[in-house]
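K.L.:
I would like to see how this sequence folds:
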Amino acid sequence: MALSDFYASHAHYHTRLILHKRDSADDVVVAAGAALDLINNVKVQAIIGPESSMQAKFVTELGDKAQAFGWSEAVPISVDDEFGKGVIPYLTTALQAMGARIPYWVVIPSMATDKQIDAELDKLMKMKTRVFIVHMLPSLGSRLFSRANARGMMEKGFAWIVTNDMSIFFSSSNYSVIDNMQGVLGLKTYVPNTEQLENFRGRWQRKFQQDNPTLLNVKLDVFGLWAYDAARALATAVENVQTTNSPSRKMNISGSSTGLERLEISQSGPELVRELSATKFTGLSGNFRIINGQLQSSTFQIVNVNDNGERGVGYWTPQNGLVRNLNSKNKSRYATSNASLGTIIWPGDTTSIPQGWQIPMSGMKLKVLVPVKSSFKEFVDVSYDRSTNTSNATGYCIDVFKAVIESLPYPVPYEFYPFANSHGDYNDLIDQVFLGNYDAAAGDVTIRANRSLYVDFTLPYTESGISMIVPIKDKNDAKSTWVFLKPLTWDLWVAIGCFFVFTGFVVLVLEHRINKDFRGPPLHQIGTSLWFSFSTMVFAQRERVLTNLARFVVIVWCFVVLILTQSYTASFSSILTVQQLQPVITDVNLLLKNGDNVAYQAGSFIYGILKERGFQDANLWTYSSPEELDELLQNGNSKHGISAAFDETPYMKLFLATYCSKYTMVEPTFKADGFAFFFQKGSILTRDVSTAITSVHEGSLMKKIEDKWFIKDQATCSDSSTTSSSNSLTLSLASFRGLFIVAGVVSSLALLVCAGMFFHEHNHTLRSIDPETSFWSRIRIVMRLYDQRDPNWDTYNGRQQQSSVHGVIGAIEASPNINSPRPSSVNNIEHEIELTSPDEERPVTH
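P.N.:
I've put the predicted structure just below:
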């Protein structure tokens, strides 16, 4: 039909294709024999077919799907022939590129019995992987799904994906086949439904029924459409090349008995291949193009088997990746299925995406190694019960592991296996898991780069870092000569001194013109102002302050002094009484320079780190228990002991829980990644356990576990809050900046107000100064004028004295208890006023 349709519309072509058909019977040997017969006997110029299994883009899409659903493993199931084996390299590469691994590959003979199929399915049931990719023809595939359904492998938790060769027959499969494949996800070549295609389907159906009246309900599949388009492309290429009478030559193969030496090669063959590769058009199957001799399909449809047939859930294109509709574009090529595809009903009639694996429920348990330790048993402790001949693992690490496993969204049965190592390190522990003897390990194992080459670590469940433990001593400065200066920083001392001087200067300026205590020679005035200011520290000033401005300044300053003295007293008392413990040494380089001895836990990887930093073997000591470490530190470097110890932060914190009154931990000296659990390389549990560790950390359970194993030892340790450094007890300028700002603003405003009143009062005098007088001369005139005593104050003070005298006389006259003669008392008071110096003042109220 393809050739008749083509030449009917291209009658002017000079060439015509003659079709010679052969049936390969799905057998590679028969197909090869048929090809030799066509070439040698029929002398054909080109062969269309056979079907190729080299579907590079198709298997790449399978890798995309594995990543889209978050699966890390998949098991391919293929037929044991060239059709099945041909796809293996492409599928392996595609899955590995997407981060998924292939733990096992199932190969089933094309003529396998049900018993053979059951044996392979039993192997899969014992494995953890629950994602299967089936690549085989429908005849064998339908039998595989029938046996899988009978064995309960089409239930919830399983994921089945079939390739194009099975997906294209979904629509023509009978009910029993579809019923066994409920929930299967298929990928098939997408053929756009066009009017031209519908017309051809009708013509093909009528011709097929005419030629084969006994065959009913046969539908045209994509292979028929490909054959139709391929014939059209070949006819076009032959016309362009004109290969009707092209010469040929025999192959030069010596010593061959396969018959290949009789093959003849067409001279126009390479040119015909180039012409076919350049041929592109829109055919019945869509866009037609050939790359590397293979017909390429640009779009795949994703179908889901449900109920009585298939249901489309999305598409895949090279440009947009996974999309729900062909006219929509996806910004992320590898988006999640919920965002890019329609609702998928998986095996077990569920819309929840299968996690891709599960622990087999056939009595198998996760074999978890636990290191046997002789020290720091708070982390891991393995005890043996002779009566029951069983081992029991406890400790902080074990409780964390149990909590993490219990927080997983699915059950994971496990069993602990004690592992004793005479070397003291964990390299043998890593090897046992790497060799597959055990599934995982739980203990105080640190993440290291070289270890990650053999096993997969989870996220750390403890804080990271390697710390240094050093002795501490009391550096109390109570016996120091200058200890009284310690409560305040030097900048605060300077600020206080400056404000004492400034306050004295302000009071001198405000009181100078009216208060005789602040008058006299310049040195006397300076001494009086300083004496007045500094005496406020103990509130012992005896000079009276007469002006309201000066009184306001002194009140604010006394408030500042009160706070300063109280704060100084509190800080000074703390320095004299509080214990101040500080590390003896804080620098690793100083240990190297002095050649001091240091220690590390026996069998720890820290030995290699210390060697890299330059420590010599003669200066490296080991310890096996906290008690031994305490003894080494107590002896010190001079008594065959050590000056410092290096270990991971969790160990050091546990050590300090008992000995915090004698030692302290310096900030992490070297970097480490903390304790973690580890599994076999590529284990699908690693990611979920890491997520569970994060979940446990965010809750309160981790704090409860830490309190259970570590907080009880802190009860024997002195409260760390009773120790402090002198630096933390010293007061700085920042603490009192606000007070100084208030005092400074008040004093400055008082000076401005006083200056304004003075210039206003003597405005007429200042205006009478000769304009040609120099600036400095004007300053001297103002200073001399300000140095004069205020005459207004003397007048006001005299009136106040007279008022006081009359008040006293009136009181005496009104008192009946006064026996002395009234005139004598008045004369005495008046005499006292007359003897009073005119410079003696009384407080003013203005």
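
K.L.:
three-state assignment of the residue lying closest to residue 356 once chain neighbours are set aside?
P.N.:
Spatial nearest neighbour of residue 356, excluding adjacent residues (C-beta to C-beta, 6 or more residues apart in numbering): residue 71 at 3.8 Å. In this view, the C-beta of every residue, glycine as well, is placed from N, C-alpha and C. Three-state assignment for residue 71 (DSSP: H, G, I helix; E, B strand; the rest coil): coil.

K.L.:
so what's residue 71 up against?
P.N.:
When contacts are counted by C-beta atoms under 8 Å, 6 or more residues apart in numbering, residue 71 touches 100, 131, 159, 356.

K.L.:
pretty sure residue 393 belongs to a strand, no?
P.N.:
Yes: looking at residue 393 with three-state DSSP, it is inside a strand.

K.L.:
any idea how far it lies from residue 440?
P.N.:
Distance, residue 393 to residue 440, using C-beta to C-beta, to the nearest Å: 13 Å.

K.L.:
ok, back up a step: next, the residue nearest to residue 356: phi, psi?
P.N.:
Backbone torsions of residue 71, given as degrees, to the nearest 10, read phi -90, psi 140.

K.L.:
any idea how far residue 526 is from it?
P.N.:
Remark: distance between residue 71 and residue 526 (C-beta to C-beta) = 90 Å.

K.L.:
before we move on, what about residue 507?
P.N.:
Residue 507 is 12 Å from residue 526, where distance means C-beta to C-beta.

K.L.:
for residue 762, same thing?
P.N.:
Applying C-beta to C-beta, the value for residue 762 to residue 526 is 25 Å.

K.L.:
helices along the stretch 601-750 of the chain, start to end?
P.N.:
Remark: helices assigned in the stretch 601-750 of the chain by DSSP state H, counting those that start in this stretch are 606-613, 626-635, 649-659, 685-698, 701-710, 726-729, 737-761.

K.L.:
could you identify which of these is most buried?
P.N.:
For the helices of the stretch 601-750 of the chain, the largest average neighbour count (mean count of other C-beta atoms under 10 Å) is found in helix 649-659, namely a mean of 21.

K.L.:
now find how far off-centre it is within its chain.
P.N.:
Distance, stretch centre to chain centre, for helix 649-659: 27 Å (C-alpha atoms, centre = their mean, to the nearest Å).

K.L.:
circling back: so for residue 507 and residue 526, which sits in the more crowded spot?
P.N.:
Under the criterion of other C-beta atoms under 10 Å, the comparison of residue 507 against residue 526 puts residue 507 first, with 29 against 14.

K.L.:
now for whichever strand or helix holds that one, which elements pack on it?
P.N.:
Secondary structure from DSSP states H and E places residue 507 in helix 490-511. For helix 490-511, the elements it packs on are helix 522-535, helix 548-577, helix 737-761, judged by 3 or more C-beta pairs under 8 Å, 6 or more residues apart in numbering; DSSP states H and E.

K.L.:
with mean pLDDT and distance to residue 149 added, can I get those helices in TSV?
P.N.:
What follows is the helices and strands packed on helix 490-511, written out as TSV (pLDDT from 0 to 100; distance: least, C-beta to C-beta, whole Å):
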stretch	mean pLDDT	distance to residue 149
helix 522-535	81	101
helix 548-577	85	80
helix 737-761	87	81
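
K.L.:
which among those is found nearest to residue 371?
P.N.:
For the helices and strands packed on helix 490-511, proximity to residue 371 was assessed by C-beta to C-beta; helix 548-577 is nearest, at 46.9 Å.

K.L.:
report the distance from that closest one to the chain centre.
P.N.:
The chain centre lies 50 Å from the centre of helix 548-577; the measure is C-alpha atoms, centre = their mean.

K.L.:
give me the angle between it and helix 522-535.
P.N.:
50 degrees (axes from the mean of the first three to the mean of the last three C-alpha atoms, to 10 degrees).

K.L.:
flag the least confident of the contacts of residue 71.
P.N.:
Across the contacts of residue 71, the bottom pLDDT score, 77, is held by residue 100.

K.L.:
wait, that residue touches residue 72, no?
P.N.:
Yes: using C-beta atoms under 8 Å, residue 100 is in contact with residue 72, at 5.6 Å.

K.L.:
still on that earlier bit, now the helix holding residue 507 against helix 737-761, angle please.
P.N.:
For helix 490-511 against helix 737-761, the angle by the same axes, to 10 degrees is 20 degrees.

K.L.:
go through helix 490-511 and flag the buried ones.
P.N.:
492, 495-496, 499-500, 502-511 (16 or more other C-beta atoms under 10 Å).

K.L.:
return that helix as PDB; C-alpha atoms alone will do.
P.N.:
In PDB, the C-alpha atoms belonging to helix 490-511 read as follows (Å, rounded to 0.1, in the frame of the first residue of the first chain):
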ATOM      1  CA  TRP A 490      41.300  52.100  80.600                       C
ATOM      2  CA  ASP A 491      39.000  54.000  78.300                       C
ATOM      3  CA  LEU A 492      36.400  54.200  81.100                       C
ATOM      4  CA  TRP A 493      39.000  55.400  83.600                       C
ATOM      5  CA  VAL A 494      40.000  58.200  81.100                       C
ATOM      6  CA  ALA A 495      36.300  59.100  80.500                       C
ATOM      7  CA  ILE A 496      35.600  59.400  84.300                       C
ATOM      8  CA  GLY A 497      38.700  61.600  84.800                       C
ATOM      9  CA  CYS A 498      37.700  63.900  82.000                       C
ATOM     10  CA  PHE A 499      34.200  64.300  83.200                       C
ATOM     11  CA  PHE A 500      35.400  65.100  86.800                       C
ATOM     12  CA  VAL A 501      37.600  67.900  85.400                       C
ATOM     13  CA  PHE A 502      34.800  69.100  83.000                       C
ATOM     14  CA  THR A 503      32.200  69.100  85.800                       C
ATOM     15  CA  GLY A 504      34.500  71.100  88.100                       C
ATOM     16  CA  PHE A 505      35.100  73.600  85.300                       C
ATOM     17  CA  VAL A 506      31.300  74.000  84.700                       C
ATOM     18  CA  VAL A 507      30.600  74.600  88.400                       C
ATOM     19  CA  LEU A 508      33.500  77.100  88.600                       C
ATOM     20  CA  VAL A 509      32.100  79.100  85.700                       C
ATOM     21  CA  LEU A 510      28.600  79.100  87.000                       C
ATOM     22  CA  GLU A 511      29.500  80.100  90.600                       C
END
